[in-house]
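J.: How does the following fold in three dimensions:
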Amino acid sequence: MEAVKGNVVRSKQERYTVGKRSSAKDLSTFSGRVGHAMRVRREAIGKSVEDVQRALDAADIPATTAAIYHWESGRRPIPINALPVIADLLRVSVRSLIPAGKQE
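T.: Just a heads-up that it's a prediction; the model follows:
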């Protein structure tokens, strides 16, 4: 069965997925590539999102775990003032978190 919304015809499967957020990483954006680099490094050294949140809190940078997950997936940009704190926690330079150029 198909449903019509405006001029768009959607199948039953599409109706259940329209409007739902994807958990896929968005590497097409600058924020997505920075967030991906952050997550890869965080997982490599065994740090949790809660560790990141505690470090940011200690630096008076408010961030929820949900916000950090959004940064890592590229759904939200990472605040510029958070990058040095995150890099310090992950024991890398800020530069290593920033992509060199657009990846195709």
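J.: Name the residues of stretch 45-55 that come out as buried.
T.: By neighbour count on 16 or more other Cβ atoms under 10 Å, the buried set for stretch 45-55 is K47, V49, V52, Q53, A55. For the C-beta atoms, the positions are set from N, CA and C on the backbone; glycine is no exception.
J.: quick one: contacts of that stretch?
T.: Residues outside stretch 45-55 that contact it (Cβ atoms under 8 Å, 6 or more residues apart in numbering) are 42, 63-65, 68-69, 72, 85-86, 88-91.
J.: Filter those residues down to the buried ones.
T.: Neighbour counting by 16+ other Cβ under 10 Å classes R42, A63, I68, Y69, E72, V85, I86, L89, L90 among the contacts of stretch 45-55 as buried.
J.: For these, work out which two are farthest apart.
T.: Y69 and V85 (17.0 Å; Cβ to Cβ).
J.: returning to that earlier point: what about the buried ones among the contacts of stretch 45-55, which are in helices?
T.: Residues of those located in helices (DSSP state H): R42, I68, Y69, E72, V85, I86, L89.
J.: can I get the residues you listed in a markdown table with distance to R33 and pLDDT?
T.: Listed next are those as a markdown table, based on distance: Cβ to Cβ, whole Å; pLDDT from 0 to 100:
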| residue | distance to R33 | pLDDT |
| --- | --- | --- |
| R42 | 15 | 96 |
| I68 | 16 | 96 |
| Y69 | 16 | 95 |
| E72 | 11 | 93 |
| V85 | 19 | 97 |
| I86 | 14 | 97 |
| L89 | 19 | 96 |
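J.: of those residues, closest to S96?
T.: I86 (11.1 Å).
J.: Put the alpha carbons of stretch 64-74 into PDB.
T.: Only the C-alpha atoms of stretch 64-74 are listed here, as PDB (Å, rounded to 0.1, in the frame of the first residue of the first chain):
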ATOM      1  CA  THR A  64      25.700  16.900  27.600                       C
ATOM      2  CA  THR A  65      26.500  13.300  26.600                       C
ATOM      3  CA  ALA A  66      23.900  13.700  23.900                       C
ATOM      4  CA  ALA A  67      25.600  16.800  22.500                       C
ATOM      5  CA  ILE A  68      28.900  14.900  22.400                       C
ATOM      6  CA  TYR A  69      27.300  12.000  20.500                       C
ATOM      7  CA  HIS A  70      25.900  14.600  18.100                       C
ATOM      8  CA  TRP A  71      29.400  16.100  17.600                       C
ATOM      9  CA  GLU A  72      30.800  12.700  16.900                       C
ATOM     10  CA  SER A  73      28.200  11.900  14.400                       C
ATOM     11  CA  GLY A  74      28.500  15.200  12.600                       C
END
